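Q: my questions concern the predicted model and sequence given below.
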Amino acid sequence: MEDQVVDETKSPETESDPVVFVVSDAIGETAEAVARAALSQFNSGRVRWKRVPHVKDVAAVLDVIEEARGKKSAIVYTIIVPEIRAVMQKEANRFGIPHVDIMGPVLDALSRITTTKPRLEPGLVHRMDEEYFRRIEALEFAVKNDDGKDPRSLVRADAVLIGVSRTSKTPVSLYLAQRCYKVANVPLVPEIPVPRELFEIDSSRVVGLTVDADHLERIRYERLIAMGLDPQSSYADRQRIETELAYANGIFQKIGCPVIDVTNRAIEETATRVIQILGARHAKDKDRR
């Protein structure tokens, strides 16, 4: 007969079926996956599963033992904290309940070969997974909102970088996305109207990027040459550059946003300064509450 996995809460009439208790100080996915993989090797009939997540103390372990001791049961568990794991082992042995410690032996083995101690923090894998997906989401946001592509999304940004061309808006946005910040950037060009949404969001989330005119002229000149374009183009014209910078400065003042001078700054330095600005805003928000 093929194994049947039954949710205990939905099948009250199957009390005689064996029960696998899946116990974890996180959500129990790892323990259940291992147990299900093992069970697939048996033609053992109906089996009920009971997952007990977020076991953080001895009392929760004793509750599981109390329920399991009266049934044909086994306990499969992933518990990080040694003291709680020890209680599970001791009590399961005391009542003759078959039990499998999935995490303990692995932690011990890795401790020996790495010569370091484990952090003993439950749920780290899931927190890392969550951070990974937040980072991917932030990167997608940065790409979709690069160069002012979607002004309607500015309201969802953690930060909006504004400035003239070649002030590092895009690389800083992508760097911050790696730190899980959703960042949009909007170019400031005298001939192109500024999106109205830029004036509707909290000005403390807007960060202006400016640069020394000499430095910008040199960067733009080199950029044109690298692209095989005429270096005498208005893009690198000194008067044009000063006009753009003056226009951008006027927008900064109108919005009332903080401004960072990126002249000779590394991308990481600028990004760190943006994070500091965002941190100051969050601190003020907390004070208001």
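A: That came in fine, so what should we check first?

Q: that's a strand at Leu161, yeah?
A: Yes. Under DSSP: H, G, I helix; E, B strand; the rest coil, Leu161 sits within a strand.

Q: tell me the contacts of it?
A: By C-beta atoms under 8 Å, 6 or more residues apart in numbering, the contact list for Leu161 reads 169, 172-173, 183-186, 207-209, 274. Backbone N, C-alpha and C define where each C-beta goes, glycine included.

Q: all helices of the chain, in order?
A: 29-39, 58-68, 82-94, 103-114, 124-144, 169-178, 197-200, 213-226, 238-255, 267-288 (DSSP state H).

Q: deepest in the core, which of these is it.
A: Across the helices of the chain, averaging neighbours per residue (mean count of other C-beta atoms under 10 Å) puts helix 169-178 on top, at a mean of 21.

Q: quick check: which helices or strands does that helix pack against?
A: Packing partners of helix 169-178 (3 or more C-beta pairs under 8 Å, 6 or more residues apart in numbering; DSSP states H and E): helix 124-144, strand 159-163, strand 183-187, helix 267-288.

Q: quick check: Val160 touching Val207?
A: Yes. Judged on C-beta atoms under 8 Å, Val160 makes contact with Val207 at a distance of 7.2 Å.

Q: looking at these two, which is more packed in?
A: Neighbours were counted for Val160 and for Val207 using other C-beta atoms under 10 Å; Val160 has more, 30 against 25.

Q: let me see the confidence value for that one.
A: At Val160, the predicted lDDT confidence score is 98.

Q: next one: it from Thr115, what distance?
A: In this view, Val160 and Thr115 are 47 Å apart by C-beta to C-beta, to the nearest Å.

Q: report the mean per-residue pLDDT for stretch 41-56.
A: 88.

Q: give me the buried positions along that stretch.
A: 47-53, 55 (16 or more other C-beta atoms under 10 Å).

Q: to Arg36, which of the helices and strands packed on helix 169-178 lies closest?
A: Across the helices and strands packed on helix 169-178, Arg36 has its closest neighbour in helix 124-144 (17.7 Å, C-beta to C-beta).

Q: helices or strands up against the closest one?
A: So helix 124-144, by 3+ C-beta pairs under 8 Å, 6+ apart, packs with helix 169-178, strand 183-187.

Q: tabulate the ones you listed (JSON lines), appending distance to Ile75 and mean pLDDT.
A: Listed next are those as JSON lines, based on distance: least, C-beta to C-beta, whole Å; pLDDT from 0 to 100:
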{"stretch": "helix 169-178", "distance to Ile75": "41", "mean pLDDT": "96"}
{"stretch": "strand 183-187", "distance to Ile75": "47", "mean pLDDT": "98"}
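
Q: would TSV of the ones you listed with distance to Ile225 be doable?
A: Below are those laid out as TSV (distance: least, C-beta to C-beta, whole Å):
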stretch	distance to Ile225
helix 169-178	20
strand 183-187	21
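
Q: and of these, who's closest to Gly104?
A: When those are compared by C-beta to C-beta, helix 169-178 sits nearest Gly104, at 34.6 Å.
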